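Peer 1: Output the structure for:
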Amino acid sequence: MSRLLIFGPGYSARRIAAPLEQAGWQIISIGRDRIDSADVAAEIAAATHILSSVPPAEGVDPVLARHGAALASASARWIGYLSSTGVYGDTGGGWVDETAPTGLGRRSARALADRAWLALHPETRVFRLPGIYGPGRSALDRVAAGQAHRIALPGQIFSRVHVDDIAAAVLASMRHGPAGAYNIADDHPAAQNDVVEYACDLLGRDWPPLLPLDQAGLSPAARAFYGENRRVANNRAKRLLGWRPLYPDYRAGLRALSAITSPASVSNPPDAASTLQR
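Peer 2: Got it, this is the predicted structure:
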């Protein structure tokens, strides 16, 4: 029986696990509170597939710090790590693929973890993810909750990906394709303002006012989001995994979410973000 061990059963990891569980796979989830448990080594040894979605904490990847040796010698035939396209840093709006240097931006700890996972095991796949959206976690939810912003930063471009396209790419890599790093993003990077405006139009809401960054009242984390500008290329995943995004741009993704979400449920707040967010 195929057996998937998940470190950090967060938003994306749960979406990846769901179809495998339906197909009869055994799914074992290890939350942050269990990473140091004595039985984890046995679970690593028994797993046919291993996935970590746990980001670094205080500059250290807790899964590698505690179980790096066991993972390096694991007999699993597939190991995956959900990383971030933030490892590339700011490119001034230019395109980046997997050959671009990493560790040049604000996410130095994430870049170190990304490199460590790639070097860990010959069967490791690292999935570099941009802004993730999906049910309960999209511009539709922010608009409905009155939390959406439009920021006056001409030329600012971001990549994003629907959570179901992440799951499809990861599942495709379990079937075929070599180890290594993969950018998993949609085909059409776009300005965040465009996404907010389209979400408002779908919900019949007025656009938020266009504000300078320093007048928008953003949290430090949200301000940092606007400190980098890049377009993420996904050609390697298409070529080697046979993957294509079901939602090639934000319009397709938001239309699909709008079609399955009533106004009442759209207004419900998304799950609280956590360190196990992926």
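Peer 1: what's the first-to-last distance across stretch 242-251?
Peer 2: One end of stretch 242-251 to the other measures 23 Å (Cα to Cα, to the nearest Å).
Peer 1: Give the buried residues for that stretch.
Peer 2: The neighbour-count check on stretch 242-251 (16 or more other Cβ atoms under 10 Å) flags 243, 245, 247, 249-250 as buried. (Glycine included, C-beta is placed from N, CA and C.)
Peer 1: Also stretch 105-122?
Peer 2: Neighbour-count burial for stretch 105-122, counted by 16+ other Cβ under 10 Å, picks out 105, 107-118, 120-121.
Peer 1: now swap in stretch 183-191 and tell me
Peer 2: For stretch 183-191, a neighbour-count test (16+ other Cβ under 10 Å) marks 183-186, 189-191 as buried.
Peer 1: From the opening residue of stretch 203-222 to its closing one, how far?
Peer 2: End to end - Cα to Cα - stretch 203-222 spans 23 Å.
Peer 1: Break down the stretch 151-278 of the chain into its helices, ranges please.
Peer 2: With helices called from DSSP state H, counting those that start in this stretch, the stretch 151-278 of the chain shows them at 163-175, 192-203, 220-225, 235-241, 250-260, 263-266.
Peer 1: Kindly state which of those helices is positioned closest to A148.
Peer 2: helix 192-203 (4.8 Å; Cβ to Cβ).
Peer 1: elements contacting the closest one?
Peer 2: Packed against helix 192-203 by the contact rule (3 or more Cβ pairs under 8 Å, 6 or more residues apart in numbering; DSSP states H and E) you find helix 139-144, strand 150-151, helix 250-260.
Peer 1: Take the buried residues of stretch 242-251 and lay them out in JSON lines including pLDDT.
Peer 2: As requested, the buried residues of stretch 242-251 are exported to JSON lines (pLDDT from 0 to 100):
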{"residue": "W243", "pLDDT": "98"}
{"residue": "P245", "pLDDT": "98"}
{"residue": "Y247", "pLDDT": "98"}
{"residue": "D249", "pLDDT": "98"}
{"residue": "Y250", "pLDDT": "98"}
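Peer 1: between the residues you listed, which is nearest V126?
Peer 2: Among these, W243 lies closest to V126 (Cβ to Cβ), at 15.1 Å.
Peer 1: re the thing from before, looking at the helices and strands packed on helix 192-203, spot the one closest to L20.
Peer 2: With Cβ to Cβ as the measure, helix 250-260 is the member of the helices and strands packed on helix 192-203 nearest L20 (22.2 Å).
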